[in-house]
Structure formats: structure tokens, C-alpha cells
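Q: Let me see the structure of the following:
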Amino acid sequence: TATAARREKEKDKPAAYENADLSAKAKEPLQIMISIDKQQLTLYSGTHPIAHTRVSTGTPSHPTPTGVFSVIQKDRWHRSNLYGDAPMFYMQRITWSGVAMHQGVVPNHPASHGCIRLPEAFAKQLWGTSKLGARVIITRGDHGMWILDASSASPVEASLPVATREVADVTGAGDTVIAV
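A: Next up is the predicted model:
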């Protein structure tokens, strides 16, 4: 099966692969920016983007909220108490009403009940790198030039030179996380 093939492929990756890429680049403060329109997450270390991945946010009938949030709870083996004990591994909660970032199916379009689904390998790296209190900014539009001023909770426009380079296929599904 595809799952068995993916697991076999992951066995061949070096042990240092686990969190080395993001952990080595991540300096405080970490900021997680999510664009609902682009179905994309960008991880910033301070004002510097260090990784991108595709995501799947909420459907129109179960929208993902927009705004500025913080990671308020983390649970490596979380299971949903609302959706039939569904696995939500590498969960990072951003609201007490149930919205979180977690490992899940990412079909290239909004498909969740409001959470932010992440590819497995990226969810694992992000979970191992981030800390409680990490800022999460969710917007409808392009978030590429918006960061949080460390002294406030307000987004400020920033002019960031963006030069990208491919890092690795870390999702195991043909996706490439881009370090910038």
C-alpha cells in the first residue's frame, strides 16, 4: 500500500533528520503564519522565513478562524473528543474551542472542521521545534510580508527579501518544504 511504501521510505532517512532542519534554523521568537487562501503555512524565526508547507484549513461550513493566536497546548498523541476519536497527532492547540494545528490529510484544498492540517513529517518537525506561546497568525490573504512586532500583538508590514532554496521532501508525499 501507499502507507507501507511511505513508511519504508522514511526508514531510509538518517536519524538526524527528525528535527534537525527546523531546530537548527529556529531562533526565538518563532511565528507561524497561515494563509487560508494559499493553503500554506510559513514558519518565521524572528522576521526571517525558514520553512513553508502546504496545509488544509476548514471548509466554508466549518471555517478556520482568522486572527492572532498562541499555541496554548501541545499533545503528541492527541485524539479528538468531538470527531469519533480521530487521530490528531502532533497537536498544537490555538483555541480552547478546539482549533489546532495537527497531522492530517492535506488534499490541496480546505477540508477540515476548522483545524489546520499539516503533512505528517512537517507536523512532527514543527511540534518538536515550537514551544507553548508561539504566535500563530491566520489570514485569508497573502501573509508573506506580515510579521508580529515582538513588543505587541499587532501584525506589522515588513519588507523581507525572499530567496528560496529547496531543502528536502520531508512530507513523504512528494511535497517539498522550502527553506528561505
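Q: Okay, and the beta partners of residue 93?
A: As for beta bridges, residue 93 partners with residue 73, residue 100 under DSSP bridges.
Q: Can you tell me the number of residues neighbouring it?
A: 22 (other C-beta atoms under 10 Å). The C-beta positions use only the backbone N, C-alpha and C, and glycine is treated the same way.
Q: Would you confirm that it contacts residue 72?
A: Yes: at 5.4 Å, residue 93 counts as touching residue 72 under the criterion of C-beta atoms under 8 Å.
Q: Report the helix or strand with the lowest average pLDDT across the chain.
A: The helix or strand of the chain with the poorest confidence is strand 165-168; it has a mean of 37 (mean pLDDT, DSSP states H and E).
Q: Please state the backbone phi and psi of residue 105?
A: Per-residue torsions, residue 105: phi -70, psi 130 (degrees, to the nearest 10).
Q: Who are the contact partners of it?
A: Residue 105 sits next to 56, 111, 117 when contact means C-beta atoms under 8 Å, 6 or more residues apart in numbering.
Q: Please read off the pLDDT at it from the model.
A: Model confidence at residue 105, given as pLDDT, is 96.
Q: And for the residue nearest to residue 114 when sequence neighbours are not counted, the neighbour number?
A: Spatial nearest neighbour of residue 114, chain neighbours left out: residue 58 (4.0 Å); criterion: C-beta to C-beta, 6 or more residues apart in numbering. Neighbour count of residue 58, defined by other C-beta under 10 Å: 19.
Q: Any idea what residue 58 is bridged to?
A: Beta bridges link residue 58 to residue 112, judged by DSSP bridges.
Q: Against residue 71, how distant is it?
A: Shown here: residue 58 relative to residue 71, a distance of 18 Å by C-beta to C-beta, to the nearest Å.
Q: Same question for residue 81.
A: For residue 81 relative to residue 71 (C-beta to C-beta), the value is 19 Å.
Q: Can you pick out the residue with more neighbours from these two?
A: For residue 81 versus residue 71, neighbours defined as other C-beta under 10 Å are more numerous around residue 71 (22 against 9).
Q: For burial, what's the neighbour tally of residue 98?
A: The burial count for residue 98: 15, using other C-beta under 10 Å.
Q: ok, it touching residue 112?
A: No: distance between residue 98 and residue 112: 10.9 Å, which falls outside the contact criterion (C-beta under 8 Å).
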